[in-house]
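In: Provided below are the primary sequence and the corresponding predicted coordinates.
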Amino acid sequence: MKRRAILAFTLDHPGVLNKVSMLIRKKMYNVDTLTVCRSRIPGVSRMTITLQEDDQAKVLQIIKQLEKFTEVISVKELDTNHSYWREVAIVKLEVDAGHLDDFHGRYNFEVLEQKSEDMHIIQVAGSTRNIDAFLDEVGQEHVVEIARTGVTALEK
Amino acid sequence: MTGKKLLLKALKERGVKYLFGYIGGAIMPVFDEMEKLGSFKFIMSRHEQGAAFMSQGLSRASLSTADPQVGVCMSTSGPGAMNLVTGIADAHMDSIPVIAITGQVATGVIATDAFQESDVVGVMMPICKQTYMPLHADEIEKTIHEGFYVATTGRGGPVVIDVPKDVQNEQVSDSYTFDQATFRPHLPGYFYSPTPEREPVQRAIELINKSERPVMFCGHGVINSNAGELLRQFAEKVNIPVAFTLHGISAMPADHPLSLGMMGMHGTVEANRAIMDADLLISFGMRFDDRVTGKLNEYAQNADVIHVEIDPSEIDKNVRTSVAINADVYRTLHVLLGDPMVGYKPRRRWLQKIEGFRRVMEEDLKTEIETGVGDDNKLLMKSIIAQLSDLTKGRDLIVSDVGQHQMMAARFYNYQTTNSWYASGGAGTMGCSLPMAIGVKLARPDERVWSISGDGGFQMNAQELGTIMEHNIDVKIIILNNGYLGMVRQWQTFFFDGCYAGTPMRSPDFKFLAQAYGIPHRKVEKLQDIAPALQEAIDHPGAMVLEFICDPAEVILPMVPSGGGFEDMIVSHPRKHNDNLGQEGEAA
């Protein structure tokens, strides 16, 4: 299944997130990730939703139906070729400091705190695939806890 | 000024005359104020669902008059609001502007499971065009005006305004000002584009001029934009036959030479066959519902599609269009009519072919209607509707319920009056007819209104006889009583080997039921008594219940099986042929 990112600008009103998520549920999708933040315009939120769908016509339907909501100002699909998709993960890792050194330069991460000799809290930013690769290389078995933001995206 | 006063002031400014509804704890302040003002006519329904359908009737019937009104229904919180749900969902499916005002528990106790508290906004959100919950008296006027604006512009729909009880009583702030004349709703995400763009219109004209076998579709949008007369003129100008969706019926006279009648599942043979053979479909204000198209991948395979529709999310939803015109139907037809590039073609071969389609069932139906009775000499619904049509010359307003009788009323009444046919289409809500007819009659008091129901649907909102009694509403009520849920029974006959599960139904003596409400009742069992009974109802000043004892074995044909394509259209009763009728389709 192809992963799609849908960018929506909406009014920053209570119930808008409810409407958007209800539509996605009604269309029988499971949301992969959903991020909401303020936009540059006061009172307008920026929402990035990712979900799985191969059929372009169906994605267009979602977009049109989202646009139908009075609180939704504009919606578009962002494809990976013409936009950046990024997320941030905060990871609690049980590894020696030396082990982490191997990854410096190759991955965009930062140690937020070293809690003990082999317990680190780090922050890693990048594409979903990039974060997955980092975790695989570090070794999933070292991950004690992880929090990921989900994808936010910006057109090139 | 208090919230309740501003609420009623805003309604008055919006031209509201009737309020339909039912009082209860959380809406008492508004009712109290309404009574003291004395400037609204309050119609108490016997169940909130009735109030929602009455509002629909008022909105639908008045839109083609000089005084279009938006139906407003009011209920209390909790169960009162929940009882509106079916009527609101129905209005949403059929794009009817309705304003529902519900009382809510006071803001201080919201979300504490207070007495008669329901999350009205949460429940209504997916089944209406917009929901509001004003939290201060200062917001009320703005909310009501914005609600009317949203309900009535673009593709119409219901708007729900949930007003907490303390907000109804609250005084506005000292700095409060509101000017209705200069008020513009702040809705940066709400667009509708009524004016057609030049480029797609030009491409549409090219397709129309090129086409050899075109069919025009008349949907609900034609009625809603009052474009029936323009559609007729355009059809005549280009000489293209017109097929109707259920809600497109009565946009132009049913017996117009270019009319193909209703299309879709129970549409006429000529409409459905013409669509199958067409090279161009020109659709005005409709949404290619599954009851219209049947199996999508077999639908109008060789045709280009021009789709004129105010709601952009309907374009390319079910059927891929060649030219999309996202605009108001009236304005688009106006542009098309005025364009000298659009030409007349005799289309002799195409229209001759359609004449052939018209003959496929013509004889069968004529014989059935003339015979008028089925097994056991019980009456046929078709025949009753046909006689009603003859007697009223097709000029009356028909409000149908949902089921077999609805399809009969859609097919066999010869609609002559613009905007004279009302029913629940998208939602298919049984019980809609009786309350909706009340709203229709209030909107068009000088015209005769018939409510046509089956024995099943009638009993779903039979309590509204009380409203009819109380307000002396002159609605002629027809019950086509066949002792079954007829449409489901027909499906059981065709697709479930005649296993009549859950469809037989014992009804009360409708005579006593009508009499209990002081409404005269006539039971008709013989063919020769149909016309005199209808005439008696016409002559009687006031409501009357006519109960016809109908043949349960009667079917409405043709029928495109659910999930089937037009190729699978059934044109004769299965007991007359042994074809495999196919499997149950994907759609219900």
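Out: Arrived safely.
In: which helices and strands does the helix or strand of chain A with the lowest mean pLDDT pack with?
Out: In chain A, no helix or strand scores lower on mean pLDDT, DSSP states H and E than helix A:97-101, which sits at a mean of 87. Secondary-structure packing of helix A:97-101 (3 or more C-beta pairs under 8 Å, 6 or more residues apart in numbering or on different chains; DSSP states H and E): strand A:119-126. Where C-beta positions appear, they are placed from N, C-alpha and C, glycine not excepted.
In: Mind checking the pLDDT average for the strand it packs on?
Out: In this model, strand A:119-126 has a mean pLDDT of 96.
In: Get me the contact residues on chain A for chain B.
Out: A:10-11, A:15, A:18-19, A:22, A:26, A:44, A:57, A:60-61, A:64-65, A:67-74 (C-beta under 8 Å from any C-beta of the partner chain).
In: Just these: which are in helices?
Out: Those of the residues of chain A next to chain B mapping onto helices are A:18-19, A:22, A:26, A:57, A:60-61, A:64-65, A:67-68, per DSSP state H.
In: Let me know the closest of those residues to B:Thr503.
Out: Nearest to B:Thr503 among these is A:Lys26, at 30.6 Å by C-beta to C-beta.
In: how deep is the residue nearest to the closest one when sequence neighbours are not counted tucked in, by neighbour count?
Out: Of all residues beyond its chain neighbours, the one nearest A:Lys26 is B:Pro126 (6.7 Å), with distances taken as C-beta to C-beta, 6 or more residues apart in numbering or on different chains. Other residues lying near B:Pro126 total 15 when counted by other C-beta atoms under 10 Å in any protein chain shown.
In: separation between B:Pro126 and B:Lys523?
Out: Per C-beta to C-beta, to the nearest Å, B:Pro126 is found 43 Å from B:Lys523.
In: Report the contact partners of residue 2.
Out: Answering for chain A, as no chain was given. A:Lys2 makes contacts with A:52-54, as judged by C-beta atoms under 8 Å, 6 or more residues apart in numbering or on different chains.
In: um, chain B though
Out: Contacts of B:Thr2 (C-beta under 8 Å, 6+ apart): B:29, B:33, B:137, B:168-172.
In: among these, who's most crowded?
Out: Highest count within those by other C-beta under 10 Å belongs to B:Gln168, 27 neighbours.
In: List the contacts of it.
Out: B:2-4, B:7, B:27, B:29-30, B:103.
In: so it is in which element?
Out: Assigned by DSSP states H and E, B:Gln168 belongs to helix B:165-169.
In: In CSV, list the C-alpha atoms belonging to that helix.
Out: Extracted in CSV, the C-alpha atoms of helix B:165-169 (Å, rounded to 0.1, in the frame of the first residue of the first chain):
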residue,chain,number,x,y,z
LYS,B,165,-29.9,26.4,29.3
ASP,B,166,-27.9,29.0,31.2
VAL,B,167,-26.9,30.6,27.9
GLN,B,168,-30.6,31.0,27.0
ASN,B,169,-31.1,32.9,30.2
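In: Can you spell out which helices and strands pack onto whichever strand or helix holds B:Met436?
Out: For B:Met436, the host element (DSSP H and E) is helix B:433-443. Helix B:433-443 sits against helix B:48-62, strand B:397-400, strand B:421-422, strand B:449-454, helix B:455-460, helix B:465-471, strand B:475-481, with contacts defined as 3+ C-beta pairs under 8 Å, 6+ apart.
In: For chain A, find the nearest of these.
Out: helix B:48-62 (19.5 Å; C-beta to the nearest C-beta).
In: any residues touching whatever helix or strand comes next after that closest one, and which ones?
Out: For helix B:48-62, the following helix or strand on the C-terminal side (DSSP H and E) is strand B:71-75. For strand B:71-75, the external contacting residues (C-beta under 8 Å, 6+ apart) are B:11, B:16, B:18-22, B:24, B:27, B:30-31, B:45, B:48, B:51-52, B:54-59, B:81, B:83-84, B:87, B:97-103, B:439.
In: ChimeraX command to pick out the buried ones of those?
Out: If you want just the buried ones from the contacts of strand B:71-75 in ChimeraX, going by 16 or more other C-beta atoms under 10 Å in any protein chain shown, the selection is:
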select /B:11,16,18,19,20,21,22,24,27,30,31,45,48,51,52,54,55,56,57,58,59,81,83,84,87,97,98,99,100,101,102,103,439
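In: Where do the domain boundaries of the chain fall?
Out: The chain I'm using is chain A. A:3-78, A:84-155 (automatic domain parsing).
In: not quite, I wanted chain B
Out: According to automatic domain parsing, the ranges for chain B are B:3-169, B:198-353, B:372-557.
In: Redo these as a markdown table? Include distance to A:Arg148.
Out: Formatted as a markdown table, these follow (distance: least, C-beta to C-beta, whole Å):
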| stretch | distance to A:Arg148 |
| --- | --- |
| domain B:3-169 | 29 |
| domain B:198-353 | 32 |
| domain B:372-557 | 41 |
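In: how about TSV for those, with mean pLDDT added?
Out: Shown next, in TSV, are those (pLDDT from 0 to 100):
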stretch	mean pLDDT
domain B:3-169	97
domain B:198-353	96
domain B:372-557	97
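In: so which of these gets nearest A:Asn130?
Out: Short answer: domain B:198-353, nearest of the domains of chain B by C-beta to C-beta, at 35.6 Å.
In: ok, B:Asn414 touching B:Thr392?
Out: No. In this structure, B:Asn414 is not within contact of B:Thr392 by C-beta atoms under 8 Å, at 9.1 Å.
In: Please list all residues in contact with B:Asn472.
Out: For B:Asn472, the contact set (C-beta under 8 Å, 6+ apart) comprises B:542-543.
In: coming back round to it: can you turn the buried part of the contacts of A:Lys2 into a PyMOL selection?
Out: Typed into PyMOL, the line below selects the buried ones among the contacts of A:Lys2, using 16+ other C-beta under 10 Å:
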select buried, chain A and resi 53
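In: Which one of the contacts of A:Lys2 is nearest to A:Val138?
Out: A:Gln52 (26.7 Å).
In: so who does the closest one touch?
Out: A:Gln52 neighbours (C-beta under 8 Å, 6+ apart): A:1-4, A:29-30, A:32.
In: and these, which are buried?
Out: Buried among the contacts of A:Gln52 by 16+ other C-beta under 10 Å: A:4, A:29, A:32.
In: The first one contacts A:Glu53, doesn't it?
Out: Looking back up the chat, that one is A:Arg4. Yes. If you go by C-beta under 8 Å, A:Arg4 and A:Glu53 touch, sitting 5.6 Å apart.
In: Alright, calling it a day.
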